[in-house]
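Novice: got a sequence here, can you build the structure:
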Amino acid sequence: MASGSREFWNNENDPTGRMRTIESKRGTMGVASKAMVAACHDLSADAGVAMLRSGGNAVDAFITTAFVDWVVNPGASSPAGPLNAMVFEQRNGVVANLFAGGKHVKSAHGVWKPGDTAPGKLVMVPGAVPGLQILHRRYGRKPWRTLLEPAIARAREGFPVVRLYAVLVARASAILQASEYGRSTFFPNGRAVSVGDTLKLPEVARTLERVAEEGAEYMQTGEWAREAVGAVNAAGGSMTLADLAEYRPYWATPLHGTYRAYDVYAPGTQDAGGARLLMALGALDRFDIRRIGHWSRSASSLELMTRLFIDIENVSWLDDYRTMSDAARVARLVPRTAAALASRVAAPTIPQAAEHHSYHICVVDESGMTVTGTHTIESLPWGNIGIFVGGIPLNGAAFLTPDVPAGGYEIAPFTSAIVLRNGEFVAEEGAFSSALFPADYQTLSNVLDFGMTPEEALLTPRFGYYSLDLEKMSVDTSTIMLDPRYPPALVQSAERSGLKFTQAGYVDTGMVVMIVRDPATGRLMGFTPEILPEGKAVGY
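Specialist: Residues are numbered from 1 along each chain as shown. As a prediction, this is how the structure comes out:
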């Protein structure tokens with residue numbers, strides 16, 4: 001990590017007086033000497049650390065944290081969604097990448113196409129639970145059932161509804177009240193659950209009990225699978241039991257690149273997020289960003305970083321299913337495209353509009369094993385279609401992959417990284433929300449180039465994705481979201497180059513979960529998305 005200045009923006013010292021209206025987590029960076037979990041809900045992070053303290057390894061803690069997340073986090077992820085994870089083992093220096101992305105049904109009639117209206121066609125075959133089981137079989141130390149017990153207990157005994165949960169229930173009222181389960185669970189006595197209520201999910205507890213007993217097979221060949229097929233087909237889809245039974249996560253070769261003096265690993269085949277990240281870092285490696293200045297203070301640096309984002313959004317092969325299915329070809333294209341990106345500035349074009357939302361987990365254990373991974377529903381909130389099976393919301397994610405053939409895995413947006421130096425762990429991170437890219441390469445540059453702590457890296461102002469209208473669910477591709485703390489003079493200077501920014505309304509500059517090892521002390525430092533009131537990095 002570079003030794004950098006600490007004189008960066010924060011939410012308590014804002015000379016412009018234009019701070020974001022967020023519940024700042026400043027001052028809550030987690031610090032630990034041996035092991036750490038960083039997750040997007042306090043209860044799930046605590047469950048993960050308890051698993052580490054009881055003798056579980058990083059993979060055990062990751063699995064426990066994910067299952068608790070699925071209980072307590074509001075509609076942004078699901079056991080019926082996709083998953084991607086990377087694991088680094090310090091003892092052998094190997095980085096592995098598990099891909100458990102969504103998969104289209106085999107029936108061409110059941111594959112969603114633009115213009116379709118049947119909700120059942122939006123449901124992709126889920127991979128999250130089979131993916132966690134594959135992780136456990138390869139790396140797990142504790143029994144599978146033990147890893148699910150905290151989530152089962154939390155679903156059965158209940159948890160307090162926080163403000164974010166209550167807000168999203170209110171916003172998703174129509175979706176949640178479309179089913180008897182949604183009405184009775186989230187609107188008891190006709191009233192939406194509110195802050196301070198204890199929400200119990202007994203049906204989810206029963207489903208997780210069966211998963212604990214029978215493994216992922218319960219959701220692939222058991223009673224849950226049969227009920228899911230019936231629910232999807234009743235909603236106009238064409239899913240079969242074979243679609244679920246034949247789903248297989250797979251081990252992908254992670255993409256590898258170098259940035260400055262670091263080795264960076266990112267998710268491989270079928271994952272456009274990993275390719276985007278390494279292209280961005282590969283291009284940025286050709287510039288002395290410290291000399292140019294940080295993009296929160298330099299108009300020329302802001303132009304460079306945003307032009308890089310626009311260029312990569314327009315790389316056509318990232319949306320090509322045949323290309324993304326060929327791991328060796330993707331590995332060749334990433335550095336070649338990065339070099340081309342560094343040599344030119346492209347005018348923006350219009351990408352497909354989409355919204356992503358997920359949750360991310362980072363774990364480091366005492367042996368040096370690290371795990372970074374995203375679990376999601378890819379269709380916020382609660383799947384956007386209101387279909388629950390055994391208390392589990394089905395994803396409505398197929399609209400993200402209209403060009404993937406029947407039976408094909410999605411081209412996933414997962415973005416995460418493991419950073420090493422001379423074979424030693426330096427950092428791990430993962431980004432989500434609509435601005436997951438370019439949040440990833442901005443926050444990594446903050447750490448690796450400017451020597452920031454995770455807290456500083458996440459709280460320093462940055463730019464986001466194209467402008468979102470959350471009411472119309474549309475994207476304005478002529479305008480890039482920019483943190484409101486940027487002063488007008490700097491924004492105006494950057495816009496003279498032809499860029500256009502907005503600092504109004506909802507500004508999403510990406511949500512990041514990160515753990516970094518302090519090069520001076522060896523301590524672990526972690527931080528979670530500043531915009532989420534829940535979530536923390538905790539360890540011992």
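
Novice: which residues does residue 44 contact?
Specialist: 65, 66, 68, 69, 72, 73, 361 (CB atoms under 8 Å, 6 or more residues apart in numbering). Placement of C-beta: from N, CA and C, glycine included.

Novice: of the residues you listed, which belong to strands?
Specialist: residue 361 (DSSP state E).

Novice: now do the end-to-end distance for stretch 241-256.
Specialist: End-to-end distance for stretch 241-256, by CA to CA, to the nearest Å: 37 Å.

Novice: got a list of contacts for that stretch?
Specialist: 83, 86, 95-100, 103, 105-106, 125-127, 130-131, 134, 219-221, 225-226, 228-229, 263-271, 274-275, 278, 327, 330-331, 334.

Novice: only whichever of these are buried, select them in ChimeraX.
Specialist: Those of the contacts of stretch 241-256 that count as buried under 16 or more other CB atoms under 10 Å are selected in ChimeraX with:
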select :83,86,95,96,97,98,99,100,103,105,106,125,126,127,130,131,134,219,220,221,225,228,229,263,264,265,266,267,268,269,270,271,274,275,278,330,331,334
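
Novice: I'd say residue 223 and residue 210 touch.
Specialist: Yes. Counting by CB atoms under 8 Å, residue 223 touches residue 210, with 7.3 Å between them.

Novice: list the buried residues of the helix or strand of the chain with the lowest mean pLDDT.
Specialist: When the helices and strands of the chain are scored by mean pLDDT, DSSP states H and E, strand 463-469 comes last with a mean of 83. Buried residues in strand 463-469, counted by 16+ other CB under 10 Å: 463, 464, 465, 466, 467, 468.

Novice: after that strand, next one along is what?
Specialist: Following strand 463-469 in sequence order, the next helix or strand is strand 474-482 (DSSP states H and E).

Novice: and residue 340, how many neighbours?
Specialist: 14 (other CB atoms under 10 Å).

Novice: quick check: the two most widely separated of the buried residues of strand 463-469?
Specialist: For the buried residues of strand 463-469, the farthest-apart pair by CB to CB is 463 and 468; their separation is 13.2 Å.

Novice: shared neighbours of these two, anything?
Specialist: Common contact partners of residue 463 and residue 468 (CB under 8 Å, 6+ apart): residue 481.

Novice: for the residue positioned nearest the centre of the chain, give me its contacts.
Specialist: Nearest to the centroid of the C-alpha atoms of the chain, with distances taken as CA atoms, centre = their mean, sits residue 432, at 3.6 Å. With contact taken as CB under 8 Å, 6+ apart, residue 432 is in contact with 356, 357, 358, 359, 360, 374, 376, 415, 510, 511.

Novice: make JSON lines from these and add pLDDT, distance to residue 186 and neighbour count to it.
Specialist: Converted to JSON lines, the contacts of residue 432 look like this (pLDDT from 0 to 100; distance: CB to CB, whole Å; neighbours: other CB atoms under 10 Å):
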{"residue": "356", "pLDDT": "40", "distance to residue 186": "23", "neighbour count": "26"}
{"residue": "357", "pLDDT": "65", "distance to residue 186": "18", "neighbour count": "19"}
{"residue": "358", "pLDDT": "89", "distance to residue 186": "21", "neighbour count": "27"}
{"residue": "359", "pLDDT": "94", "distance to residue 186": "19", "neighbour count": "28"}
{"residue": "360", "pLDDT": "97", "distance to residue 186": "25", "neighbour count": "30"}
{"residue": "374", "pLDDT": "97", "distance to residue 186": "25", "neighbour count": "31"}
{"residue": "376", "pLDDT": "95", "distance to residue 186": "20", "neighbour count": "27"}
{"residue": "415", "pLDDT": "91", "distance to residue 186": "30", "neighbour count": "31"}
{"residue": "510", "pLDDT": "91", "distance to residue 186": "28", "neighbour count": "25"}
{"residue": "511", "pLDDT": "93", "distance to residue 186": "24", "neighbour count": "25"}
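
Novice: and these, which two are the farthest apart?
Specialist: Maximum distance among the contacts of residue 432 (CB to CB): 14.5 Å, for 376 and 510.

Novice: now the spatially most distant residue from the centre of the chain: how far from residue 162?
Specialist: Distance from the C-alpha centroid of the chain peaks at residue 189, with 34.5 Å (CA atoms, centre = their mean). Separation of residue 189 from residue 162 (CB to CB, to the nearest Å) stands at 21 Å.

Novice: what's the answer for residue 258, then?
Specialist: In terms of CB to CB, residue 258 sits 41 Å off from residue 162.

Novice: quick one: which of those two has more around it?
Specialist: residue 162 (19 against 13).

Novice: that one contacts residue 535, doesn't it?
Specialist: No. Taking contacts as CB under 8 Å, residue 162 lies outside contact range of residue 535: 10.5 Å.

Novice: got the contacts of residue 44 as TSV, with neighbour count columns?
Specialist: Below are the contacts of residue 44 laid out as TSV (neighbours: other CB atoms under 10 Å):
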residue	neighbour count
65	33
66	29
68	27
69	27
72	24
73	25
361	28
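
Novice: which pair in the contacts of residue 44 spans the largest distance?
Specialist: Across these, no pair lies farther apart than 72 and 361, at 13.2 Å, counting by CB to CB.

Novice: what ranges do the helices span in the stretch 251-400 of the chain?
Specialist: 272-284, 289-292, 299-313, 321-324, 327-342 (DSSP state H, counting those that start in this stretch).

Novice: for the last one, what is the average pLDDT?
Specialist: Average pLDDT, helix 327-342: 94.

Novice: can you spell out which helices and strands pack onto it?
Specialist: Under the contact criterion of 3 or more CB pairs under 8 Å, 6 or more residues apart in numbering; DSSP states H and E, helix 327-342 touches strand 255-259, helix 272-284, helix 299-313, helix 321-324.

Novice: contacting residues around the last one?
Specialist: What it means is helix 321-324. By CB under 8 Å, 6+ apart, helix 321-324 touches 269-272, 275, 317-318, 329-330, 333, 403-405, 408, 411.

Novice: tell me the one of these nearest residue 157?
Specialist: Distance ranking of the contacts of helix 321-324 against residue 157, using CB to CB, places residue 271 first at 36.5 Å.

Novice: report the beta-bridge partners for that closest one.
Specialist: Beta-bridge pairing of residue 271 under DSSP bridges involves residue 412.

Novice: who's in contact with it?
Specialist: By CB under 8 Å, 6+ apart, residue 271 lies in contact with 84, 99, 101, 252, 324, 411, 412, 413, 414.

Novice: at 10 Å what do you get?
Specialist: 84, 97, 99, 101, 252, 254-255, 277, 324, 330, 374, 409-416 (CB atoms under 10 Å, 6 or more residues apart in numbering).

Novice: residue contacts, residue 150?
Specialist: Counting by CB under 10 Å, 6+ apart, residue 150 touches 43, 44, 46, 47, 48, 50, 51, 64, 65, 67, 68, 71.

Novice: reformat those as CSV; add pLDDT and distance to residue 490.
Specialist: Formatted as CSV, the contacts of residue 150 follow (pLDDT from 0 to 100; distance: CB to CB, whole Å):
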residue, pLDDT, distance to residue 490
43, 97, 40
44, 97, 38
46, 98, 40
47, 98, 43
48, 98, 40
50, 98, 45
51, 98, 45
64, 98, 44
65, 98, 39
67, 98, 44
68, 98, 42
71, 98, 43
